[in-house]
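Asks: show me the folded form of this:
(one chain, ligands or ions: 1)
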Amino acid sequence: MHQTEKTINLVNEVSATNYKPLPVVLSEGEGIWVKDVDGNTYMDMLSAYSSLNQGHRHPKIIKALKDQADKITITSRAFHNDQMGDFLKKLCDMSGFSKSLPMNTGAEAVETCIKAVRKWALKTKGIEDGEIIVARDNFHGRTITAISFSSEPQYREGFGPFTPGFVIVPYGDAAAMEAAITPKTIGVMLEPAQGEAGVIIPPKGYLKEVRALCDKHKMMMILDEIQTGFGRTGKLFCFEHEGIRPDVLAVGKALGGGVYPVSAMLSNDEVMSVFRPGDHGSTFGGNPLGAAVGKAALEVLEDENLVEKSATLGQFFMDELAKMNSPYVKEIRGMGLFVGVEIKEECGLARPFCEKLMELGLLCKETHHQTIRFTPPLVITKEELIDALEKIKKVLLP
Ligand SMILES: *Cc1c(COP(=O)(O)O)cnc(C)c1O
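Replies: From the prediction side, this is the model:
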């Protein structure tokens with residue numbers, strides 16, 4: 001029996017089946033490349049849902065991890081550590097926010113944003129039990145609160161009762177959002193482009209209109225850039241495409257440089273000041289190992305101009321995909337190296353296309369049944385992208 005089969009059997013025996021992975025067992029990774037236990041090499045075009053913008057095991061990030069591991073790793077926030085401040089300073093400087101609150105996973109960052117905005121609304125507007133407007137087909141994580149306002153039945157089925165205080169409106173429709181505003185509304189929370197929904201790019205001007213609504217009604221604009229942030233869409237943050245800034249931002253995934261879970265809520269002094277000692281916390285949030293890794297992850301983005309690379313290579317990639325003129329493809333969507341290829345329903349699901357790509361040595365994953373998401377590490381070169389396009393062509397042309 002091949003090692004792949006053995007490992008998958010073991011996992012099926014001892015683990016929950018809350019995922020349906022492609023049948024490949026990875027054991028090594030470097031840059032854009034991964035190897036499986038049977039010695040096959042693949043190009044990683046999923047990047048752990050954009051956690052690997054800097055590539056697998058970036059030497060500078062691994063060095064930061066190892067150096068820090070030799071000093072001190074976890075302190076808890078009961079004490080200060082000498083890494084967190086430098087990391088958060090870098091994060092604030094790059095993002096333009098004055099304050100940040102470190103957590104670990106994306107879902108925790110989202111929860112932190114919701115808590116902050118609820119408390120801000122109570123303190124500044126006197127609104128108790130305020131409501132936050134969210135978008136249909138959103139994805140903000142898997143906690144009870146995050147699934148409470150999901151419009152995907154499968155994410156919720158059997159998991160109630162749910163957290164109240166959310167109103168769902170269609171994505172990309174500012175008029176629908178305005179119509180949903182009531183005296184109880186305290187904010188809106190959106191992905192500036194939806195990832196899990198299938199790489200959905202809202203109409204141009206949407207975020208600007210949402211920003212204007214938030215200003216008019218004195219509501220908080222929360223953006224979740226856990227997936228779209230850190231260069232993925234060809235800007236450091238996706239909101240820059242529309243020349244606006246949110247009041248509160250959730251970041252994660254690539255903030256951990258592909259090696260460690262690091263997330264954060266970013267905002268201004270006014271919002272962040274609602275948290276007093278004891279209000280909120282996380283045992284691992286802001287730990288020195290994660291802080292050293294997060295700082296290195298940000299430095300790599302800058303040093304290697306990964307944001308600009310994403311913009312130029314992403315445009316090239318989408319142009320080449322369009323030129324293929326595949327009869328299977330309904331639509332190609334994207335910004336930077338955040339690209340979705342939607343397969344026509346009459347041509348079947350996206351999954352078999354991903355399985356064929358895997359056989360050709362290219363790993364990607366379908367999202368929402370019909371869409372193949374192509375989100376390679378931003379360290380990919382043009383030559384490597386051309387190599388990937390050759391393989392994609394074999395699958396997308398009959
Ligand atoms: C992945 C993701 C999350 C959740 O992050 P976890 O680290 O899995 O908790 C939240 N929001 C968006 C937009 C994401 O893509």
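Asks: and the spatially most central residue of the chain, how close does it get to the ligand?
Replies: Nearest residue to the geometric centre of the chain (C-alpha atoms, centre = their mean): Gln227, 1.5 Å. For Gln227, the distance to the ligand equals 3 Å [C-beta to the nearest ligand atom, to the nearest Å]. (Glycine included, C-beta is placed from N, CA and C.)
Asks: ok, now which ones touch the nearest residue to that residue once chain neighbours are set aside?
Replies: Of all residues beyond its chain neighbours, the one nearest Gln227 is Gly195 (4.0 Å), with distances taken as C-beta to C-beta, 6 or more residues apart in numbering. Going by C-beta atoms under 8 Å, 6 or more residues apart in numbering, Gly195 touches 49-50, 139, 227-228, 338, 367, 373.
Asks: pLDDT check: weakest of these?
Replies: Least confident by pLDDT among the contacts of Gly195: that is Thr367, with 90.
Asks: closest one of the contacts of Gly195 to the ligand?
Replies: Nearest to the ligand, judged by C-beta to the nearest ligand atom, of the contacts of Gly195 is Gln227 at 3.3 Å.
Asks: tell me the SS of the closest one?
Replies: State at Gln227, reduced to three classes by DSSP: H, G, I helix; E, B strand; the rest coil: coil.
Asks: was I right about it contacting Leu255?
Replies: No - counting by C-beta atoms under 8 Å, Gln227 sits too far from Leu255 to count as a contact (11.4 Å).
Asks: give me the phi and psi angles of Glu355.
Replies: Here is the backbone geometry of Glu355 (degrees, to the nearest 10): phi -70, psi -40.
Asks: and the next helix or strand past the helix or strand harbouring Asn12?
Replies: In the assignment (DSSP states H and E), Asn12 maps to helix 3-14. Next in sequence after helix 3-14, counting helices and strands by DSSP H and E, comes strand 26-30.
Asks: would you put the C-alpha positions of that following strand in PDB?
Replies: Presented in PDB, the C-alpha positions along strand 26-30 are these (Å, rounded to 0.1, in the frame of the first residue of the first chain):
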ATOM      1  CA  LEU A  26       1.900  16.500   2.000                       C
ATOM      2  CA  SER A  27       5.100  16.200   3.900                       C
ATOM      3  CA  GLU A  28       7.400  18.900   2.600                       C
ATOM      4  CA  GLY A  29       7.100  22.500   1.300                       C
ATOM      5  CA  GLU A  30       9.300  25.200   0.000                       C
END
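Asks: so what touches it?
Replies: 34-37, 44, 55-57.
Asks: what does stretch 153-163 give?
Replies: Contacts of stretch 153-163 (C-beta under 8 Å, 6+ apart): 142, 144-145, 147-150.
Asks: buried subset of those?
Replies: 145, 147-150 (16 or more other C-beta atoms under 10 Å).
Asks: Asn104 - nearest residue in space that isn't next to it in sequence?
Replies: Pro261 (4.6 Å).
Asks: could you give the number of residues near that neighbour?
Replies: As a burial measure, Pro261 scores 18 neighbours (other C-beta atoms under 10 Å).
Asks: could you do Ser51 as well?
Replies: Neighbour tally, Ser51, other C-beta under 10 Å: 26.
Asks: related to what we said a few turns ago, can you pull out the residues in contact with the helix holding Asn12?
Replies: Outside helix 3-14, the residues that touch it by C-beta under 8 Å, 6+ apart are 23-25, 36-38.
Asks: now it - C-alpha only, PDB.
Replies: Extracted in PDB, the C-alpha atoms of helix 3-14 (Å, rounded to 0.1, in the frame of the first residue of the first chain):
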ATOM      1  CA  GLN A   3       2.100   5.800   2.000                       C
ATOM      2  CA  THR A   4      -0.700   8.200   0.800                       C
ATOM      3  CA  GLU A   5      -3.400   5.500   1.200                       C
ATOM      4  CA  LYS A   6      -2.000   4.400   4.600                       C
ATOM      5  CA  THR A   7      -2.000   7.900   5.900                       C
ATOM      6  CA  ILE A   8      -5.500   8.700   4.700                       C
ATOM      7  CA  ASN A   9      -6.800   5.500   6.200                       C
ATOM      8  CA  LEU A  10      -5.300   6.400   9.500                       C
ATOM      9  CA  VAL A  11      -6.700   9.900   9.400                       C
ATOM     10  CA  ASN A  12     -10.200   8.500   8.600                       C
ATOM     11  CA  GLU A  13      -9.900   6.100  11.500                       C
ATOM     12  CA  VAL A  14      -9.000   8.600  14.200                       C
END
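Asks: and that helix, average pLDDT?
Replies: 96.
Asks: what angle separates that helix from strand 26-30?
Replies: Counting by axes from the mean of the first three to the mean of the last three C-alpha atoms, to 10 degrees, helix 3-14 lies at 120 degrees to strand 26-30.
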